[in-house]
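Chemist: need the 3D shape of this:
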Amino acid sequence: MNKITWHAAGLTDRGKTRSHNEDNFSISSDLRVFVVADGMGGTENGALASKLAVEELENHRSTNSPDKSEGDALKEWLCVSIDRANKVVRQAQSDTKKSMGTTIVAAVQSDDGLLHIAHVGDSRAYLVRDGEARVLTTDHSVVMEMVVAGRLTKKQAKESPFRHLISRCLGHDEEVACDYMTLDNQPGDWIIIASDGLPAVIEEEELPGIIKDSQDPVQVCNDLVARTLEGGAPDNVTVVCIHYEGSKSPDEGGAKRNESNSMHAQAESSARNL
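Modeler: Numbering: from 1, shown residues only. A predicted model of the protein is given here:
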């Protein structure tokens, strides 16, 4: 079992072309639960859908905190949380008589050094380790299904006029299936959870170069969003960054908060020992 600490931060921005931000994110106060959601259905409806999904996971955590020492319990908690969020979004559709939906990536840090990740839609989780990056999640999108089937290359998928069509989201069907995986964290790892505004501009191969030797998740969030804005930011962009380090004494951890009204941003950072 890896003895590590971790720090986390999050940042969201409406981008260069959208008039409103339909993304939402959450980092729990104990730095154990991380959520990114990207809404759809129009300006107000998409923002409401993602907000409701994130809030439902927060509510579920506050009333039924996941058992972070037991893997099967964490998997069940994530699946139940996403199912609850799906029902909340569907209820909002019924109440407002307006169509809406949202993607979601939710991750929980366990006591045994594993990060448990569940997702629906085309928001992503990345791992950056030893100078290399890879996508941990598989987009639930029309073009990604074609890539998996060998009918499109990744480059063709990124340029396809259908690249924004997702094949699975919260709010569409009465029952929704989430993909689930675990990752054994190592000192030096970076986890980046992001809405699709990030990969619209930044290729996964570019992530290590942006992170470089940084140890500060707040700075990495700022750098990733700034690079996305420099690249045109055609969509809202949201990132949650988690950095893992070798074990430290508990009093070496800290907490920081950074807000920017002009960027509709929020960031938090802290550390916890496994």
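Chemist: only C-alpha atoms from now on, for both contacts and neighbour counts.
Modeler: Will do.
Chemist: where does the stretch 51-200 of the chain dip in pLDDT?
Modeler: Applying pLDDT under 70 to the stretch 51-200 of the chain picks out residues 159-162.
Chemist: what about the helices in it?
Modeler: In the stretch 51-200 of the chain, the helices defined using DSSP state H, counting those that start in this stretch lie at 71-96, 142-148, 154-159.
Chemist: flag every buried residue along the longest one.
Modeler: Of the residues in helix 71-96, those with enough neighbours to count as buried (16 or more other CA atoms under 10 Å) are 71, 74-75, 77-79, 81-90, 92-93.
Chemist: mind putting the helices of the stretch 51-200 of the chain into TSV with distance to residue 34?
Modeler: Formatted as TSV, these follow (distance: least, CA to CA, whole Å):
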stretch	distance to residue 34
helix 71-96	11
helix 142-148	24
helix 154-159	27
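Chemist: can you tell me which of these is nearest to residue 19?
Modeler: Residue 19 lies closest to helix 71-96 among the helices of the stretch 51-200 of the chain, at 21.8 Å (CA to CA).
Chemist: show me what the closest one is packed up against.
Modeler: Here helix 71-96 touches helix 43-63, strand 104-109, strand 114-120, going by 3 or more CA pairs under 8 Å, 6 or more residues apart in numbering; DSSP states H and E.
Chemist: tell me which of the ones you listed is the most buried.
Modeler: Among the helices and strands packed on helix 71-96, the stretch with the highest mean neighbour count (mean count of other CA atoms under 10 Å) is strand 104-109, at a mean of 26.
Chemist: nearest to residue 179 among the helices of the stretch 51-200 of the chain would be which one?
Modeler: helix 71-96 (9.0 Å).
Chemist: tell me the angle that closest one makes with helix 43-63.
Modeler: Relative orientation of helix 71-96 versus helix 43-63 (axes from the mean of the first three to the mean of the last three CA atoms, to 10 degrees): 140 degrees.
Chemist: so residue 34 lies in a helix, does it not?
Modeler: No. Counting by DSSP: H, G, I helix; E, B strand; the rest coil, residue 34 falls outside a helix, being strand.
Chemist: what sits against residue 204?
Modeler: For residue 204, the contact set (CA atoms under 8 Å, 6 or more residues apart in numbering) comprises 126, 133-135.
Chemist: counting neighbours, which of the residues you listed comes out on top?
Modeler: residue 133 (20 neighbours; other CA atoms under 10 Å).
Chemist: contacts only, for it.
Modeler: 126-127, 204-205, 207-208.
Chemist: residue 34 bridge partners, please.
Modeler: Taking DSSP bridges as the rule, residue 34 bridges to residue 27, residue 107.
Chemist: how many neighbours does it have?
Modeler: By the criterion of other CA under 10 Å, residue 34 has 25 neighbours.
Chemist: that one contacts residue 9, doesn't it?
Modeler: No. Residue 34 is beyond contact range of residue 9, at 9.6 Å (criterion: CA atoms under 8 Å).
Chemist: which residues are common contacts for these two?
Modeler: Common neighbours of residue 34 and residue 9 (CA under 8 Å, 6+ apart) are 27, 240.
Chemist: from residue 144, how far out is residue 17?
Modeler: Taking CA to CA, to the nearest Å as the measure, residue 17 falls 24 Å from residue 144.
Chemist: just residue 98 next, same as before
Modeler: The spacing between residue 98 and residue 144, counted by CA to CA, is 28 Å.
Chemist: and residue 73, by the same measure?
Modeler: As for residue 73, its distance to residue 144 is 30 Å (criterion: CA to CA).
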